[in-house]
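> coordinates only, no sequence provided:
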């Protein structure tokens, strides 16, 4: 398979996964983010990188967005939203953070490819991205040209950018206002 063939297949796999997201789930997450006083994002490994990218775009929208583990991450409580990623359905760190946030009165949204997993089931809102993760990357169930959980992570990136566009429209924020919040320290 040529590089061009691999690129086309990978891009098509990401497109198919994102196109299969339930529009009602996208709308529900837009509304949940719009009403949150504070938003804190978390994910492990490469999913964590996608969650950091989401937090940055939420900040560009002017929302009070943070990433768990950053020294400037504030506490969560009533009116706040913890957005976690658990592609394979469960991680011990995600489960622990869900418990802390729930105990503090925050709501939880879980981004996952395995909605029946323990972490999504503990959340108030499930954002299902139907894509291969490390939970199903071996044997006959593995179908992606991409390794391990890369299909899920690539689909997260695209889904999150589309989520930001929907949220931007919902909040009536202009592209110029977003650009004005971009750092000048690069």
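Structure received. On a predicted model such as this, the values are computed, not experimentally measured, just so you know.
> which strands or helices does the top helix by length along the chain pack on?
Criterion DSSP state H: the longest helix present in the chain is helix 150-171. Counting contacts by 3 or more C-beta pairs under 8 Å, 6 or more residues apart in numbering; DSSP states H and E, helix 150-171 packs against helix 3-19, helix 23-35, helix 45-60. Any C-beta I mention is one placed from the backbone N, CA and C, and that applies to glycine too.
> save these as TSV, and put in mean neighbour count too.
Below are the helices and strands packed on helix 150-171 laid out as TSV (neighbours: other C-beta atoms under 10 Å):
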stretch	mean neighbour count
helix 3-19	14
helix 23-35	15
helix 45-60	19
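> okay, now residue 145: neighbour count?
Counted with other C-beta atoms under 10 Å, residues neighbouring residue 145 total 15.
> that one belongs to a strand, doesn't it?
No: assessed with DSSP: H, G, I helix; E, B strand; the rest coil, residue 145 is coil; it does not lie in a strand.
> so what pLDDT did it get?
pLDDT recorded at residue 145 is 90.
> hang on, it packs against residue 13?
Yes: with contact defined as C-beta atoms under 8 Å, residue 145 reaches residue 13; the gap is 6.7 Å.
> which residues of this protein score low on pLDDT?
For the chain, applying pLDDT under 70 flags no range at all.
> switch to 90 and redo it
Scanning the chain for pLDDT under 90 picks out 1, 134-143, 186.
> re earlier: quick one: the longest helix of the chain to helix 45-60, angle?
Using axes from the mean of the first three to the mean of the last three C-alpha atoms, to 10 degrees, the inter-axis angle of helix 150-171 relative to helix 45-60 is 10 degrees.
> helix 150-171: which residues count as buried?
150-156, 158-160, 163-164, 166-168 (16 or more other C-beta atoms under 10 Å).
> how about stretch 59-66: buried residues?
59-61, 63, 65-66.
> report how many residues lie close to the nearest residue to residue 89 once chain neighbours are set aside.
Residue nearest to residue 89 in three dimensions, not counting chain neighbours: residue 117, with 1.9 Å by C-beta to C-beta, 6 or more residues apart in numbering. Using other C-beta under 10 Å, the number of residues around residue 117 comes to 21.
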